[in-house]
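Student: Kindly generate the corresponding structure for this input.
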Amino acid sequence: MIQSKELTSTRPYMIRAWHEWCTDNDLTPYIKVSVDESVQVPRECVDDREIILNIGFNATSNLNIGDDYLEFMARFAGVARTIVIPMEKVLAIFAHENGQGIVFVSTIPSQDSVSEDDQSSMPPLNVRPGTLSLVHSSDASGDPDSPSPPTQSKPKGVSVRPTLKRVK
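Tutor: All right, here's what the predicted structure looks like:
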């Protein structure tokens with residue numbers, strides 16, 4: 001009997017890829033983070049247990065997007081702070097200028113089991129308008145030939161409701 005190896009999370013790879021894409025296109029990569037005791041960020045900047053951070057090279061020093069943690073130094077109100085974020089706490093990464101990015105979820109229900117009510121009950125991300133796609137951080141299943149739903153742009157000032165996109 002062959003034992004299957006547990007796959008590593010795709011989240012750090014996706015974050016590194018989006019960071020690189022933003023940088024290559026002169027866009028500013030931002031992340032949205034769920035804050036709890038495991039996250040090291042300035043607590044005075046946390047709003048409703050979440051924080052949005054600029055992780056562009058102009059705003060950070062010693063940026064390390066590792067497999068388990070995202071770490072960097074940044075200034076807040078002129079004071080240098082060390083920021084340490086466990087990968088599983090990163091909720092989304094997106095380009096500040098146009099809102100394009102991805103949202104991470106811990107599970108993806110099958111396409112058949114997602115109803116309109118389930119989709120409408122998802123909390124808004126409150127990031128800039130643009131296109132965001134839901135991405136499971138370790139999805140190793142799914143049909144690669146199934147089409148992704150079309151992405152939609154939202155008018156300015158409207159919360160972005162992400163669309164589902166399978167990524168292998």
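
Student: Identify the single longest helix in the chain, thanks.
Tutor: helix 11-24 (DSSP state H).

Student: in its sheet, what does the helix or strand just after that helix sit against?
Tutor: Downstream of helix 11-24, the first helix or strand assigned by DSSP states H and E is strand 29-34. With DSSP bridges as the test, strand 29-34 is paired with strand 50-54 (antiparallel), strand 90-95 (antiparallel).

Student: Now do strand 29-34 against helix 11-24: the angle between them, please.
Tutor: 150 degrees (axes from the mean of the first three to the mean of the last three CA atoms, to 10 degrees).

Student: now the strands for the chain?
Tutor: 29-34, 50-54, 61-65, 69-76, 79-86, 90-95, 101-105, 132-136, 163-164 (DSSP state E).

Student: how close does residue 66 sit to residue 11?
Tutor: 11 Å (CB to CB, to the nearest Å). All C-beta spots, glycine's among them, are computed from the backbone N, C-alpha and C.

Student: Can you name the residues bridging to residue 94?
Tutor: With DSSP bridges as the rule, residue 94 is bridged to residue 30, residue 101.

Student: neighbours of it, just the number please.
Tutor: Number of residues near residue 94 (other CB atoms under 10 Å) recorded here: 27.

Student: how many neighbours does residue 105 have?
Tutor: A total of 16 residues lie near residue 105 under the criterion other CB under 10 Å.

Student: which residues does it bridge with?
Tutor: residue 136.

Student: quick one: contacts for residue 72?
Tutor: Taking CB atoms under 8 Å, 6 or more residues apart in numbering as the criterion, residue 72 is in contact with 55, 60-64, 82-83.
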